[in-house]
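Visitor: Build me a structure from this.
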Amino acid sequence: MDESYVAGLFDGDGTISNPKKRTVSLSISQINKPLLEEIKSFLGYGVIETVYNEYEDKHGYKHRTLYRIRFNRDDAIKLLNSIIPHLILKKERGIKALTVLQECVGKTQKTGIPKGTRTYNAAIYFRLYRLHKKGLFPLLNPIREKQKCSI
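Guide: Numbers count the residues shown, from 1 in each chain. Here you go, the predicted structure:
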């Protein structure tokens, strides 16, 4: 197994979701779970999950169990860097997704604000405060509604 094989499999059965937004997910779906396990052992990363179990639909057609190997943001960057030179059908989308993923490194997926910054911490605190106002989250030091100067 090599990167070109993984790229061919990704071209045929892979998915790139939301390449225009801040969050991008990559996955490869297969009914052949041992193949996905071999890909995971070759790459050294990825999460294998069951999409659905075997079932029979209302028309009597039997569907086999479908598995998927999913790649998180850091793993998706590594995967795209290794397979983009070998991609054919999804090369353009892969380059676009890689660009989006590299722009978001060190930032949260929802806000795009760098982690650990004052703005990020304030945004988290105010989200928790809104949950607190709804009675869904207890705060130890709630924000005072009106602060009066004691001078």
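
Visitor: so what's Ser4 closest to, chain neighbours aside?
Guide: His86 (4.4 Å; Cβ to Cβ, 6 or more residues apart in numbering). In short, each C-beta sits where N, CA and C put it, glycine included.

Visitor: Correct me if wrong: the one you found contacts Ala7.
Guide: Yes - between His86 and Ala7 a contact is recorded at 3.4 Å, counting by Cβ atoms under 8 Å.

Visitor: Please say which of these two ends up with more neighbours.
Guide: Ala7 (24 against 16; other Cβ atoms under 10 Å).

Visitor: Dihedrals phi and psi, the residue nearest to Ser4?
Guide: phi -100, psi -10 (degrees, to the nearest 10).

Visitor: List the contacts of it.
Guide: 3-4, 7-8 (Cβ atoms under 8 Å, 6 or more residues apart in numbering).

Visitor: among the helices and strands of the chain, which one scores worst on average pLDDT?
Guide: The least trusted helix or strand in the chain, going by mean pLDDT, DSSP states H and E, turns out to be helix 118-133, with a mean of 69.

Visitor: that older thread, from Glu3, how far off is the residue nearest to Ser4?
Guide: His86 is 6 Å from Glu3, where distance means Cβ to Cβ, to the nearest Å.

Visitor: go on, Gln30?
Guide: Gln30 is 18 Å from Glu3, by Cβ to Cβ.

Visitor: Quick check, pLDDT for the nearest residue to Tyr55 once chain neighbours are set aside.
Guide: The shortest distance from Tyr55 to any non-neighbouring residue, by Cβ to Cβ, 6+ apart, is to His63 (5.5 Å). Note on His63: pLDDT of 83.

Visitor: Next, give phi and psi for His63.
Guide: phi -100, psi 130.

Visitor: Run a quick check on it versus Val51, I expect a contact.
Guide: No - counting by Cβ under 8 Å, His63 does not reach Val51; the two are 10.4 Å apart.

Visitor: Let me know the pLDDT of Thr99.
Guide: According to the predicted model, the pLDDT of Thr99 comes to 84.

Visitor: What is the neighbour count of it?
Guide: Count around Thr99 with other Cβ under 10 Å applied: 13.
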